[in-house]
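J.: With the sequence up front, the predicted model follows.
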Amino acid sequence: MTPFADLLERLTLTPGRLAKLALLRRFFETESDPDRGWALAALTGELRFPAAKPALIRAVAEARTDPVLFGWSYDFVGDLAETVALIWPGTGGQRPPSLADIVDALSTRPKSELPALLGDWLDASDANVRYAILKLITGALRVGASARLAKTALADFAAASGQAIAPDDIEEVWHGLAPPYLPLFDWLEGRAGPPDAAGAPVFRPPMLAHPLEDTDFAALDPAAYAAEWKWDGIRVQLVAGPGGRRIFSRGAEDISAAFPDMLAALDFDAVLDGELLIVRDGIVAPFADLQQRLNRKTASPRLQKDFPAHVRLYDLLFEAGEDLRPLPFAERRARLEAWFARTAPRAMSLSPLLRFASLGDLAAIRAGAREAAIEGLMLKRTDSAYVPGRPRGLWWKWKRDPLTIDAVLMYAQRGHGKRSSYYSDYTFGLWRDDGALVPIGKAYSGYTDAELQQLDRWIRAHTTARFGPVREVEPGLVLEVAFDAAQRSTRHKSGVALRFPRIARLRWDKPAAEADRLESLLRLSGLATEAGEPEG
């Protein structure tokens, strides 16, 4: 367990991507099976222990420490694993368990035995290993190393072994594998061929688009591109065939359990690329409706009825086992239309191609995107193969211009990873007619490292209340917030929530009293009604 604990600590403290890749590659080179496979599963979010919950950790810690001191420490630190690792009475010095031993015990031992077992592990470990054990249990490994980064490190590791294996090659077999990935490491080290997914529904790396800048737009040849709407949902890949059915997000996350209604509609043999939406009577619902179904482990019949899932289809990647990705987009589109007419899949529709003859036509179409509650346009070269990654010049995304509003900082929370020492997550609000400041959203991005340090100092100096890891601040700092849209929301006291908010500018020059009012946001986003502002 000690090598894995050291890896987590170094990943957390190492900011550069190349340096993180080197750490991961070195770990895979030096550690043996099955520990390196279990570590890979933990880093990629593939380890789950249903019997071990955060409540178990808290109960064990409170039994061995002063409960009041533990509560104060937890409020200050803001992270359960870090709190317990630091406050645990003992300095280790014994031989900690191996990673494989921990996985085996958490997977097989009765729930009643886990408190004593966890206590023994923590007694045998120093603070660093204790932290790693607890993070392994909770699954919250925020160390700045994504699943994609881990797979890139595996490709680098394979290259060091003389194998020409790309991260996308690993991605294409990943969902047919299971921890601790012994066939995968045999392949990476040249002892065997690619793992056989045995017909399992696996994820294919998606083709992505570059944002269209003014210079790119001016150089476009309209005759070379097809255009379609950029729908305001989430990109998904529908995989169905004799080996099973799955729904994957763009990031390769299996979201099938949250959309059983859509999964039931995959009664064909094909792989499709599309946009997951909520559609009622042919009308696309706001993204806030889709959020009601995202990140759920199950979806009740009532939820499925009230928020019916629908996919607007963009592309056909496989048909009856035939790989269509090398074909040009125009040919794939023709195959998709023919397949759709023949199959008539449930809860799906074709994303229409838009007619245009000039750049001016495209600009005019894009200008109507906001009124139609659509994110913008996608432009795709008609001769482009479906290439994983983000090849420049083949696909462009041309989003509608963002809206901006001046809001007041209300609350701040510490971040994760390299931002764990800074207050980097911000809740902001607008003035209501009765003089109350009501929250409309949160933002985590849009500022520089230097601005983050300025913000952190200001927050610490102007805190008026603390709620665990959250600080309430006096209404004295204005943030210019850019956002794509606003939606009605019952989760906010303002009755409104922002879509994709980010900080555009720090308005040190503007008094908080001169920040925008809620009614301004309602008018700007088209939510104003005769009844005026929503009740708070």
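T.: Received the coordinates, thanks.

J.: from the chain's centre, how far out does the helix or strand Gly360 falls within sit?
T.: Gly360 is located in helix 359-367, with elements delineated by DSSP states H and E. Taking Cα atoms, centre = their mean, to the nearest Å, one finds helix 359-367 lying 31 Å from the centre of the chain it belongs to.

J.: just stretch 177-191 next, same as before
T.: Here the centre of stretch 177-191 is set off from its chain's centre by 26 Å, with Cα atoms, centre = their mean.

J.: Report the mean per-residue pLDDT for that stretch.
T.: Average pLDDT, stretch 177-191: 94.

J.: Let's see the distance spanning it from one end to the other.
T.: Taking Cα to Cα, to the nearest Å, the first and last residues of stretch 177-191 lie 17 Å apart.

J.: what's the helix or strand just after the helix holding Gly360 packed up against?
T.: Downstream of helix 359-367, the first helix or strand assigned by DSSP H and E is strand 376-381. When contacts are defined as 3 or more Cβ pairs under 8 Å, 6 or more residues apart in numbering; DSSP states H and E, strand 376-381 sits against strand 225-230, helix 359-367, strand 395-399. Yep, even glycine has a C-beta here, placed from its N, CA and C like the rest.

J.: show me what contacts Ser351?
T.: Going by Cβ atoms under 8 Å, 6 or more residues apart in numbering, Ser351 touches Glu228, Trp229, Trp231, Gly274, Glu275, Arg312, Leu313, Tyr314.

J.: Adding neighbour count and pLDDT as columns, could you present these in JSON lines?
T.: JSON lines is the format used below for those (neighbours: other Cβ atoms under 10 Å; pLDDT from 0 to 100):
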{"residue": "Glu228", "neighbour count": "17", "pLDDT": "96"}
{"residue": "Trp229", "neighbour count": "21", "pLDDT": "95"}
{"residue": "Trp231", "neighbour count": "22", "pLDDT": "93"}
{"residue": "Gly274", "neighbour count": "23", "pLDDT": "97"}
{"residue": "Glu275", "neighbour count": "21", "pLDDT": "96"}
{"residue": "Arg312", "neighbour count": "19", "pLDDT": "97"}
{"residue": "Leu313", "neighbour count": "19", "pLDDT": "98"}
{"residue": "Tyr314", "neighbour count": "24", "pLDDT": "97"}
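
J.: just those now: which is nearest Leu327?
T.: Closest to Leu327 out of the contacts of Ser351 is Tyr314 (14.4 Å), distances taken as Cβ to Cβ.

J.: Mind checking what helix or strand follows whatever helix or strand that closest one lives in in sequence?
T.: Using DSSP H and E, Tyr314 maps to strand 309-319. Per DSSP H and E, the first helix or strand lying C-terminal to strand 309-319 is strand 322-323.

J.: That next one pairs with which strands, and in what direction?
T.: Using DSSP bridges, strand 322-323 pairs in its sheet with strand 309-319 (antiparallel).

J.: For Gly162, find the nearest of the helices and strands packed on strand 376-381.
T.: strand 395-399 (34.2 Å).

J.: and whatever helix or strand comes next after the closest one, C-alpha only, in CSV?
T.: Next in sequence after strand 395-399, counting helices and strands by DSSP H and E, comes strand 403-414. Written as CSV, here are the backbone C-alpha positions of strand 403-414 (Å, rounded to 0.1, in the frame of the first residue of the first chain):
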residue,chain,number,x,y,z
LEU,A,403,-24.3,36.7,-21.8
THR,A,404,-22.7,38.6,-18.9
ILE,A,405,-23.9,40.1,-15.7
ASP,A,406,-22.3,41.7,-12.6
ALA,A,407,-22.9,39.6,-9.5
VAL,A,408,-21.8,39.9,-5.9
LEU,A,409,-19.6,37.2,-4.2
MET,A,410,-21.6,35.6,-1.4
TYR,A,411,-19.8,32.4,-0.4
ALA,A,412,-16.5,30.7,-1.1
GLN,A,413,-15.3,27.1,-0.6
ARG,A,414,-11.8,25.6,-0.8
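
J.: Which elements pack onto strand 403-414?
T.: Strand 403-414 sits against strand 423-431, strand 437-443, helix 449-461, strand 470-473, strand 478-483, helix 518-524, with contacts defined as 3+ Cβ pairs under 8 Å, 6+ apart.

J.: what packs against the longest one?
T.: Yep, that's helix 449-461 we're talking about. Using 3+ Cβ pairs under 8 Å, 6+ apart: helix 449-461 touches strand 403-414, strand 423-431, strand 470-473, strand 502-507.

J.: just how off-centre is it within its chain?
T.: In terms of Cα atoms, centre = their mean, the centre of helix 449-461 is found 26 Å from the chain centre.

J.: Name every strand pairing with whichever helix or strand comes after it and say which way it goes.
T.: Note on helix 449-461: by DSSP H and E, the next helix or strand toward the C-terminus is strand 463-467. Applying DSSP bridges to the sheet, strand 463-467 is found paired with strand 470-473 (antiparallel).

J.: Reformat the helices and strands packed on strand 376-381 as a markdown table; add distance to Asn295.
T.: What follows is the helices and strands packed on strand 376-381, written out as a markdown table (distance: least, Cβ to Cβ, whole Å):
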| stretch | distance to Asn295 |
| --- | --- |
| strand 225-230 | 22 |
| helix 359-367 | 31 |
| strand 395-399 | 24 |
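
J.: pretty sure Asp254 contacts Ile247?
T.: Yes. Using Cβ atoms under 8 Å, Asp254 is in contact with Ile247, at 7.2 Å.

J.: ok, these two, which is more surrounded?
T.: Higher neighbour count among Asp254 and Ile247: Ile247, with 25 against 14, using other Cβ atoms under 10 Å.

J.: got a list of what the more buried one touches?
T.: Ile247 sits next to Val236, Gln237, Leu238, Val239, Asp254, Ile255, Ser256, Phe259, Met262, Leu263, Leu266, Leu276 when contact means Cβ under 8 Å, 6+ apart.

J.: got the buried residues for whatever helix or strand it lives in?
T.: Secondary-structure assignment from DSSP H and E places Ile247 in strand 244-249. By neighbour count on 16 or more other Cβ atoms under 10 Å, the buried set for strand 244-249 is Arg245, Arg246, Ile247, Phe248, Ser249.

J.: and what of stretch 49-67?
T.: So stretch 49-67, judged by 16+ other Cβ under 10 Å, has buried residues Phe49, Ala52, Leu56, Ile57, Arg58, Val60, Ala61, Glu62, Arg64, Thr65.

J.: hang on, the earlier thing: show me what the helix holding Gly360 is packed up against.
T.: By 3+ Cβ pairs under 8 Å, 6+ apart, helix 359-367 packs against strand 376-381.

J.: Which residues does the strand it packs on contact?
T.: By Cβ under 8 Å, 6+ apart, the residues outside strand 376-381 that reach it are 209, 212, 220, 224-230, 314, 329, 354, 362, 365-366, 369, 393-400.

J.: and it, which strands flank it?
T.: strand 225-230 (antiparallel), strand 395-399 (antiparallel).

J.: Determine how far it lies from the middle of the whole chain.
T.: Centroid separation between strand 376-381 and its chain, computed with Cα atoms, centre = their mean, is 23 Å.

J.: Burial check on Pro3, number of neighbours?
T.: When neighbours are counted by other Cβ under 10 Å, Pro3 registers 17.

J.: just checking, it touches Ser32?
T.: No. Pro3 is beyond contact range of Ser32, at 9.9 Å (criterion: Cβ under 8 Å).

J.: re the thing from before, mind putting the contacts of Ser351 in a markdown table, distance to Arg36 included?
T.: Putting those into a markdown table (distance: Cβ to Cβ, whole Å) gives the following:
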| residue | distance to Arg36 |
| --- | --- |
| Glu228 | 43 |
| Trp229 | 45 |
| Trp231 | 41 |
| Gly274 | 36 |
| Glu275 | 37 |
| Arg312 | 41 |
| Leu313 | 40 |
| Tyr314 | 37 |
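
J.: ok, those vs Tyr74, which is closest?
T.: When the contacts of Ser351 are compared against Tyr74 (criterion: Cβ to Cβ), the nearest one is Glu275, at 40.9 Å.
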